[in-house]
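Undergrad: predicted model, plus sequence, below.
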Amino acid sequence: MEIELGYIDIANWKLGDPLFPGWDEDHSDLEENEIILAGNNEYTLIIDYPLHTPFKHVFKTHEEGMTREELLKLIVDSYHYVYDMEERSSKIKSGLIPGMYNRNVTEGIYGIWGHDIGDLVLDSIELDEKDNIITLNVSS
């Protein structure tokens, strides 16, 4: 099942920010506080773009469930963690490939390639309801 999250600038989004900043189109059907994950369930968040080694985070929702905004915060915080850990664990420093706009490939824990966090936009998630696995639809 696909769950729409908005158009989220992963590097800069924070609680209270609009889901579709600067868009003229009406997206009033997406409520930040809508419960989108069931309560008292365990889920696995998988971040695999732009990583050679996916990041997996297992978490449990509270009794009431998890709202769209709470899930966004978890995803954004997880991306910041991944990029920070990559910087700390790689001998190759991030930066642009000379003559290109792409990021250096680093060889840390996750092996980030192609894009800095500032290039990434989160659009939606795919929820595998059978196994409670969350994968992300991210563009750059």
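TA: Right, received. Where do you want to start?
Undergrad: now do the lowest-mean-pLDDT helix or strand in the chain: which elements does it pack against?
TA: Ranked by mean pLDDT, DSSP states H and E, the helix or strand of the chain with the weakest confidence is strand 2-9, at a mean of 90. Judged by 3 or more Cβ pairs under 8 Å, 6 or more residues apart in numbering; DSSP states H and E, strand 2-9 is in contact with helix 68-89, strand 121-128. No exception for glycine: its C-beta is placed from N, CA and C like everyone else's.
Undergrad: okay, these in a markdown table with distance to Asn40 and mean neighbour count next?
TA: Shown next, in a markdown table, are the helices and strands packed on strand 2-9 (distance: least, Cβ to Cβ, whole Å; neighbours: other Cβ atoms under 10 Å):
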| stretch | distance to Asn40 | mean neighbour count |
| --- | --- | --- |
| helix 68-89 | 15 | 17 |
| strand 121-128 | 16 | 16 |
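Undergrad: turn these into TSV, including mean pLDDT and distance to Asn137.
TA: Formatted as TSV, the helices and strands packed on strand 2-9 follow (pLDDT from 0 to 100; distance: least, Cβ to Cβ, whole Å):
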stretch	mean pLDDT	distance to Asn137
helix 68-89	96	11
strand 121-128	96	5
